[in-house]
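Visitor: I would like to see how this sequence folds:
(chains A and B)
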2 protein chains.
Amino acid sequence: MIILGVDPGLTRCGVGVIEAGAHRRLSFIHVDVVRSSPDQSQDLRLLAVYEGLSEKIERFAPDAVSIERVFAQDNRNTVLGTAQAAGMAMLAAAQRGIPVALHTPTESKLAITGNGKAEKAQVERMVARILGLNEPPKPADAADALAVAICHALRPQGALQGGEREQHLTPAQRQWAMAAQRSRRGGSGRNADRGM
Amino acid sequence: MIILGVDPGLTRCGVGVIEAGAHRRLSFIHVDVVRSSPDQSQDLRLLAVYEGLSEKIERFAPDAVSIERVFAQDNRNTVLGTAQAAGMAMLAAAQRGIPVALHTPTESKLAITGNGKAEKAQVERMVARILGLNEPPKPADAADALAVAICHALRPQGALQGGEREQHLTPAQRQWAMAAQRSRRGGSGRNADRGM
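Guide: Now for the predicted structure:
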């Protein structure tokens, strides 16, 4: 299963592609940043992001597109552009019939490090280890795109399918499932499902 | 000159089309609402909005697309979806090389009634009068899409071209130009250019 992760942004939009094989074995395929120039008008910037993301989706033909969720409480100066960049990713996937999943940064950190509040450097080290890379992926800010792809690959099935498989989860997976459930219920601050 | 106005929204996205002829004579062409179902996932909703708007743009071949500007301070429960719907309109226009303009609700009210804080009913009556309609356009919430199209048609050229024509403006147009300038300088609250 090929998963394409997106860390949405208007100026820099991270893209990370992984393959999830048998026994949750994950391998690295691609990481890059799609850019648009702040000198251009908003419509041309969105067109650049849309075309860049569409090209990646065409090239890697993912089975799923996993996008970092945007929250209305995020940085006011950039949140609308970030949400619109996420919208470009959703549209490009939907036009090709590819399922879209949204995961919060907390879900990604929890899935990758077992700690939803892990530091950025720790997440980058674990992303490299999980993917069998000798060093953290470059560019550094694209590591978040790989992280949200990995998050989707490692998500406990129980969290998505009513909990019937939760008895087989590791403690970290169970913690993840509980956080994801809280998130869907809308009960835990920034993790609440008030994003897009 | 054909102008297609968009009042962005995810559940209901207003579309209004007008023709601006000689001597700023405006005539009504079309008004409608593009919808997406809250029961669908976000990616499929954005696809529906994108396809609906693209169909309108194909059908009416506007010379400009005028979109109501979204602000990060707007209703937290809907602002991200609204911004993404605006993004779909911008993308659909940019893909066809059609210029996009963003206007604030205050700019629209000022252009149409001479009062940036006019009540909704007054704006609707003036939209009908300007377009020579016997009654306010239906559906009512699509009147905002006509308003932002009219706003673009009536915008004082001076406000966009360095003020060299401002001496020819009516008092209402001069007031509009000053508000637009303040808005671009980022100095007046919700009108500040912090939207997308």
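Visitor: okay but A:Leu30 is in contact with A:Gly16, surely?
Guide: To be clear, residue A:30 is His; Leu isn't right here. Yes. Using Cβ atoms under 8 Å, A:His30 is in contact with A:Gly16, at 7.1 Å. Where C-beta positions appear, they are placed from N, C-alpha and C, glycine not excepted.
Visitor: okay, these two: which has more neighbours?
Guide: When A:His30 and A:Gly16 are compared for neighbours, A:Gly16 comes out ahead with 29 against 17, by other Cβ atoms under 10 Å in any protein chain shown.
Visitor: got the CA positions of whichever strand or helix holds the more buried one in PDB?
Guide: Here A:Gly16 sits within strand A:12-20, counting by DSSP states H and E. Taking C-alpha atoms only, strand A:12-20 is exported to PDB below (Å, rounded to 0.1, in the frame of the first residue of the first chain):
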ATOM      1  CA  ARG A  12       5.900  25.300   1.400                       C
ATOM      2  CA  CYS A  13       3.700  22.200   1.200                       C
ATOM      3  CA  GLY A  14       5.500  19.000   2.300                       C
ATOM      4  CA  VAL A  15       4.900  15.800   0.500                       C
ATOM      5  CA  GLY A  16       6.200  12.400   1.800                       C
ATOM      6  CA  VAL A  17       5.500   9.000   0.100                       C
ATOM      7  CA  ILE A  18       6.000   5.600   1.800                       C
ATOM      8  CA  GLU A  19       5.100   2.000   1.200                       C
ATOM      9  CA  ALA A  20       3.400   0.000   3.900                       C
END
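Visitor: strand partners (parallel or antiparallel) of that strand?
Guide: Using DSSP bridges, strand A:12-20 pairs in its sheet with strand A:2-7 (antiparallel), strand A:26-35 (antiparallel).
Visitor: how far is the first one from where the chain is centred?
Guide: The chain centre lies 6 Å from the centre of strand A:2-7; the measure is Cα atoms, centre = their mean, to the nearest Å.
Visitor: hang on, the earlier thing: out of the strands paired with strand A:12-20, indicate the one that is most buried.
Guide: strand A:2-7 (a mean of 27; mean count of other Cβ atoms under 10 Å in any protein chain shown).
Visitor: quick one: residues in contact with that one.
Guide: A:13-20, A:29, A:53, A:56-57, A:60-68, A:86, A:89, A:141-142, A:144-153 (Cβ atoms under 8 Å, 6 or more residues apart in numbering or on different chains).
Visitor: returning to what we had before: if you count neighbours, what's buried in the strand holding A:Gly16?
Guide: A:Arg12, A:Cys13, A:Gly14, A:Val15, A:Gly16, A:Val17, A:Ile18, A:Glu19, A:Ala20 (16 or more other Cβ atoms under 10 Å in any protein chain shown).
Visitor: what's the answer for stretch A:42-59, then?
Guide: Here stretch A:42-59 shows A:42-54, A:56-57 as buried, counting by 16+ other Cβ under 10 Å.
Visitor: restricted to helices, list those.
Guide: When DSSP state H is applied, the buried residues of stretch A:42-59 are split such that A:42-54, A:56-57 fall in helices.
Visitor: which helix or which strand is home to the most centrally placed residue in chain A?
Guide: Computing the C-alpha centroid of chain A and ranking residues by Cα atoms, centre = their mean puts A:Val148 first, at 2.6 Å. A:Val148 belongs to helix A:143-154 when assigned by DSSP H and E.
Visitor: tell me the secondary structure for the residue of chain A positioned farthest from its centre?
Guide: The centre of chain A is farthest from one residue, A:Asp39, which by Cα atoms, centre = their mean lies 27.3 Å away. Judged by DSSP: H, G, I helix; E, B strand; the rest coil, the three-state class of A:Asp39 is coil.
Visitor: which pLDDT value goes with it?
Guide: What the model reports as pLDDT for A:Asp39 is 96.
Visitor: list just the nearest of the buried residues of strand A:12-20 to B:Gln122.
Guide: Taking Cβ to Cβ as the measure, B:Gln122 lies nearest A:Cys13 of the buried residues of strand A:12-20, at 42.2 Å.
Visitor: enumerate every residue touching the closest residue to that closest one other than its chain neighbours.
Guide: Distances taken as Cβ to Cβ, 6 or more residues apart in numbering or on different chains put A:Val34 closest to A:Cys13, at 4.3 Å, once the chain neighbours are dropped. Going by Cβ under 8 Å, 6+ apart, A:Val34 touches A:Arg12, A:Cys13, A:Val15, A:Ala48, A:Val49, A:Gly52, A:Leu53, A:Lys56.
Visitor: now do 7 Å
Guide: Going by Cβ atoms under 7 Å, 6 or more residues apart in numbering or on different chains, A:Val34 touches A:Cys13, A:Val15, A:Val49, A:Gly52, A:Leu53.
Visitor: now the two most distant members of those.
Guide: The widest separation within the contacts of A:Val34 (Cβ to Cβ) is 10.4 Å, between A:Val15 and A:Val49.
Visitor: what residues does chain A have near chain B?
Guide: A:41-44, A:46-47, A:50, A:70, A:72, A:76-77, A:79-81, A:83-84, A:87-88, A:90-91, A:93-95, A:100, A:194-196 (Cβ under 7 Å from any Cβ of the partner chain).
Visitor: before I go, just wanted to say thanks for your time.
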